[in-house]
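1. this one's sequence-less:
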């Protein structure tokens, strides 16, 4: 789930005062100190040791589910999350899950209806104290939840197998308006994409096409006898009985003509006497 730093986005959708972007944070636990509230995780301060700028909850007793979520100003094209856990206590986050959601009243749970983004494997060691988690979804909310179910185990050192907590010093939600993409949000999604929604990183039409006859992630329309390849229409291969190929994959529906081979029926094989 790591995201390449070279494509670093510039807009924090959860806290960018100059663009009047401020997420509303909440949780289902009480703060360990009255000043370490849920909203401290979206105050723009990434300091992982100065506790007054962190959201730190009291330990949840027993096997209780704990969650923290942030509701954004509006729907956005969320590219990825930057998560800053409390320094020295990342073991308490072992096994956490991340979801996006579009209902303000959404309550995270192990059987929720949100859209899954990421789950930390508790048997893979402790979570990194700073994480980049790819999202690449249109959404208005981001949620984290964690639980210590009966039988929970982890090879992360010093994990309490019965209790967990919320300890996040900052959660940055990086991305663009829902119809834009690219690290600087400088590019508009193509109108060929359904609802002008596209991949946050490369602009491809991952949500489908406006034209029902269009194919591929580039949403191009090819004539009969051609198929979409790398954003262009290419000629079908040597299909059996001169039939057309699949416009999305280029594969011949009834196989290749004699002496032709390959997925696209463009490879020649030789017959020796």
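-> Here it is on my side, so go on. Given the structure is predicted, the values throughout are model-derived calculations rather than measurements.
2. doesn't residue 167 make contact with residue 27?
-> No: judged on CB atoms under 8 Å, residue 27 makes no contact with residue 167 at a distance of 11.1 Å. Glycine gets a C-beta too; all of them are placed from N, C-alpha and C.
3. Give the intersection of the neighbour lists for the two.
-> Here residue 27 and residue 167 have 55, 57 as joint contacts, going by CB atoms under 8 Å, 6 or more residues apart in numbering.
4. Please parse this structure into its domains.
-> Domain segmentation of the chain under automatic domain parsing yields 5-180, 222-273.
5. ranking those by mean pLDDT, which is last?
-> Mean pLDDT is lowest for domain 222-273 among the domains of the chain, at a mean of 88.
6. so residue 80 touches residue 174, yeah?
-> Yes: if you go by CB under 8 Å, residue 80 and residue 174 touch, sitting 5.4 Å apart.
7. So for those two, which residues contact both of them?
-> residue 9.
8. Have a look at these two and say which one is more surrounded.
-> Shown here are residue 80 and residue 174; by other CB atoms under 10 Å, residue 80 has more neighbours (25 against 22).
9. And whichever strand or helix holds that one, what does it pack against?
-> Here residue 80 sits within strand 66-85, counting by DSSP states H and E. Secondary-structure packing of strand 66-85 (3 or more CB pairs under 8 Å, 6 or more residues apart in numbering; DSSP states H and E): strand 21-22, strand 24-27, strand 97-101, strand 130-146, strand 167-177.
10. rerun that using 10 Å as the cut-off
-> strand 21-22, strand 24-27, strand 97-101, strand 115-119, strand 130-146, strand 167-177, strand 180-181 (3 or more CB pairs under 10 Å, 6 or more residues apart in numbering; DSSP states H and E).
11. Direction included, what does the fourth one pair against?
-> The reference is to strand 115-119. Next to strand 115-119 in the sheet, as set by DSSP bridges, lie strand 97-101 (antiparallel).
12. can you give me the offset of the strand it pairs with from its chain's centre?
-> 9 Å (CA atoms, centre = their mean, to the nearest Å).
13. Determine the angle, from 0 to 180 degrees, between it and strand 66-85.
-> On the basis of axes from the mean of the first three to the mean of the last three CA atoms, to 10 degrees, strand 97-101 is oriented at 110 degrees to strand 66-85.
14. residues in contact with strand 97-101?
-> Here strand 97-101 makes contact (CB atoms under 10 Å, 6 or more residues apart in numbering) with 1, 67, 69, 71, 78, 81, 83, 106-110, 112-120, 131, 133, 135, 137-147, 171, 173.
15. out of the residues you listed, which are buried?
-> 67, 69, 71, 78, 81, 83, 106, 108, 112, 114, 117-118, 120, 131, 133, 135, 137-147, 171, 173 (16 or more other CB atoms under 10 Å).
16. separation between the residue nearest to residue 235 when sequence neighbours are not counted and residue 47?
-> Nearest residue to residue 235, sequence neighbours excluded (CB to CB, 6 or more residues apart in numbering): residue 226, at 5.8 Å. Applying CB to CB, to the nearest Å, the value for residue 226 to residue 47 is 57 Å.
17. same thing with residue 35?
-> 14 Å.
18. rewinding a little: between residue 226 and residue 47, which one's more packed in?
-> residue 226 (18 against 13).
19. how about that one, phi and psi?
-> Taking degrees, to the nearest 10, you get phi -130, psi 160 for the backbone angles of residue 226.
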